[in-house]
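Visitor: Sequence below, structure please.
(2 chains)
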Amino acid sequence: MTIDQSLYTRRQVLSLGRKTLLVLGVGCLYPVSRYLRAKENSLAVARIASSEMPLKTNWQRLGQTRFWLRQGTDGVEAMWASCTHLGCEVSYDSVQDQWLCPCHGSRFDRDGQPVFGPAISPLVRAEVKEKDGFYLTSQKV
Amino acid sequence: MGKQGNNSFTGHIRPRQIRAGALRLRATFCLGGFSFLAFIVLTITGVLLLFYYQPGDRAFASLSEINSVLPYGGFVRSLHFWAGQMMVISVFLHMVRVVWSRAYRPLRELNWITGVVLFGLTVILDYSGYLLRGGQESGAAATVGQALFTSLPEGQALATVFFGQPSPLNGSTLNMFVWHVFILAGAVGFLQMFHFWRIRRGGGVRPL
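Guide: Numbers count the residues shown, from 1 in each chain, chains lettered A, B, ... in the order given. Now for the predicted structure:
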């Protein structure tokens, strides 16, 4: 095999290949990061058929979600059951008529106002919309 | 930094000496290397899909979400599918080339057997990936596979080990998910490394 000076050496081809791989790799970073971050900060939503809606004035949990629903004075009210201290899931105890947080002992009254413990902000309500025979609950923005 | 040239970790992949005949494209058509490239693409896209795929009842729904909602999700999924198809084809063609060039003869029998096992595992990976799609055809394909298994002795137990409890409409189960993602892919990866080591130990074919 004769050596032709105008052709590339193997070393040059491999070096070009390395650079191409590097460029492609760096080029992938943006799409992959967008793909992986797509659900960042997405708000929770849930729905329940109106016919299955329990018409109680006491708070009741919706399925396995953090939405609790009750019949208020004008329509359905929803609470987002996250403690305003550090975000643990709170639950409503109908015997004590309080929301209880298992993490640091915060307690909120029936309407979500803090009465005890490290939490100082009231529990956040959730939005409720009625549409086509369903109640749609969503976290507040 | 570190060792230089062929003495470094990345450098050790490149051989010190190459037989002149190995440089011809017609020697191997790069089929084995292409199969491995397809495998790498499958692994990377597979890991990306793993972030959002949910086996079982939510399989088809999670895949639809990947397709439509996620940015570049459809691209990642398509890459995974087509790399899979290309891998099956190129592994088969590679096997044809090996037979044509009689590279299976002593002392290469063990490597040949490894290669055949790899081919079988690749096809099974293709099949199990199709079941994970979670559509109606996946359910039908899973039913056929289950029926084939139950015709064997102790078939019912075997069928449950491999397929779990798929419904006739949805072939995706947690069992199939574990087989496809971890066991089969892991076995193929490991066997490939062994396959390459045997080739290089015997003097190598094409330089990387």
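Visitor: now the lengthiest helix in chain B: mean pLDDT?
Guide: Longest helix in chain B by number of residues, with DSSP state H as the criterion: helix B:73-100. Average pLDDT, helix B:73-100: 96.
Visitor: With adjacent residues omitted, what lies nearest to the residue nearest in space to the middle of chain B?
Guide: The centre of chain B sits closest to B:Thr122, judged by C-alpha atoms, centre = their mean, with a distance of 4.4 Å. In this structure, B:Thr122 finds its nearest non-sequential neighbour in B:Val91, 5.2 Å apart by C-beta to C-beta, 6 or more residues apart in numbering or on different chains. Where C-beta positions appear, they are placed from N, C-alpha and C, glycine not excepted.
Visitor: A:Gln98 pairs with what?
Guide: Bridge pairing for A:Gln98 (DSSP bridges) gives the partners A:Asp93.
Visitor: didn't it look like it was pressed against A:Asp109?
Guide: Yes: contact criterion C-beta atoms under 8 Å: A:Gln98 and A:Asp109 qualify, at 6.1 Å.
Visitor: Now the common contact residues for the two.
Guide: Shared contacts of A:Gln98 and A:Asp109, defined by C-beta atoms under 8 Å, 6 or more residues apart in numbering or on different chains, comprise A:Val115.
Visitor: hmm, back to that, so what's the residue nearest to B:Thr122 up against?
Guide: Contacts of B:Val91 (C-beta under 8 Å, 6+ apart): B:35, B:118-119, B:122.
Visitor: And for A:Leu29?
Guide: No residues are in contact with A:Leu29 under the rule C-beta under 8 Å, 6+ apart.
Visitor: what do you get for the one 4 residues further on?
Guide: By C-beta under 8 Å, 6+ apart, A:Ser33 lies in contact with nothing.
Visitor: next helix or strand past whichever strand or helix holds it?
Guide: In the assignment (DSSP states H and E), A:Ser33 maps to helix A:10-36. The helix or strand immediately downstream of helix A:10-36 is strand A:45-49, counting by DSSP H and E.
Visitor: Report all helices and strands that that following strand contacts.
Guide: If contacts are counted by 3 or more C-beta pairs under 8 Å, 6 or more residues apart in numbering or on different chains; DSSP states H and E, strand A:45-49 sits against strand A:134-138.
Visitor: what angle sits between the strand it packs on and strand A:45-49?
Guide: 160 degrees (axes from the mean of the first three to the mean of the last three C-alpha atoms, to 10 degrees).
Visitor: Relative to strand A:134-138, what are the paired strands and their orientations?
Guide: By DSSP bridges, strand A:134-138 pairs with strand A:45-49 (antiparallel), strand A:124-131 (antiparallel).
Visitor: picking that back up, what is the nearest of the contacts of B:Val91 to chain A?
Guide: Chain A has its nearest neighbour among the contacts of B:Val91 in B:Ser35, at 18.7 Å by C-beta to the nearest C-beta.
Visitor: Helix or strand: which one has the closest one?
Guide: helix B:31-50.
Visitor: same check, this time on B:His195
Guide: helix B:185-201.
Visitor: any chance of the strands paired with strand A:134-138 in a markdown table, plus mean pLDDT?
Guide: A markdown table is the format used below for these (pLDDT from 0 to 100):
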| stretch | mean pLDDT |
| --- | --- |
| strand A:45-49 | 86 |
| strand A:124-131 | 90 |
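Visitor: got the CA positions of the helix holding B:Ser35 in PDB?
Guide: Extracted in PDB, the C-alpha atoms of helix B:31-50 (Å, rounded to 0.1, in the frame of the first residue of the first chain):
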ATOM      1  CA  LEU B  31     -21.700  -6.000  11.400                       C
ATOM      2  CA  GLY B  32     -20.600  -7.100  14.800                       C
ATOM      3  CA  GLY B  33     -19.600  -3.500  15.700                       C
ATOM      4  CA  PHE B  34     -22.900  -2.200  14.400                       C
ATOM      5  CA  SER B  35     -24.800  -4.600  16.600                       C
ATOM      6  CA  PHE B  36     -22.900  -3.400  19.600                       C
ATOM      7  CA  LEU B  37     -23.600   0.200  18.600                       C
ATOM      8  CA  ALA B  38     -27.300  -0.600  18.400                       C
ATOM      9  CA  PHE B  39     -27.100  -2.200  21.800                       C
ATOM     10  CA  ILE B  40     -25.500   1.000  23.300                       C
ATOM     11  CA  VAL B  41     -28.200   3.100  21.700                       C
ATOM     12  CA  LEU B  42     -30.800   0.700  23.100                       C
ATOM     13  CA  THR B  43     -29.300   0.900  26.600                       C
ATOM     14  CA  ILE B  44     -29.200   4.700  26.700                       C
ATOM     15  CA  THR B  45     -32.700   5.200  25.200                       C
ATOM     16  CA  GLY B  46     -34.000   2.400  27.400                       C
ATOM     17  CA  VAL B  47     -32.700   4.100  30.500                       C
ATOM     18  CA  LEU B  48     -34.400   7.400  29.400                       C
ATOM     19  CA  LEU B  49     -37.600   5.500  28.800                       C
ATOM     20  CA  LEU B  50     -37.300   3.900  32.300                       C
END
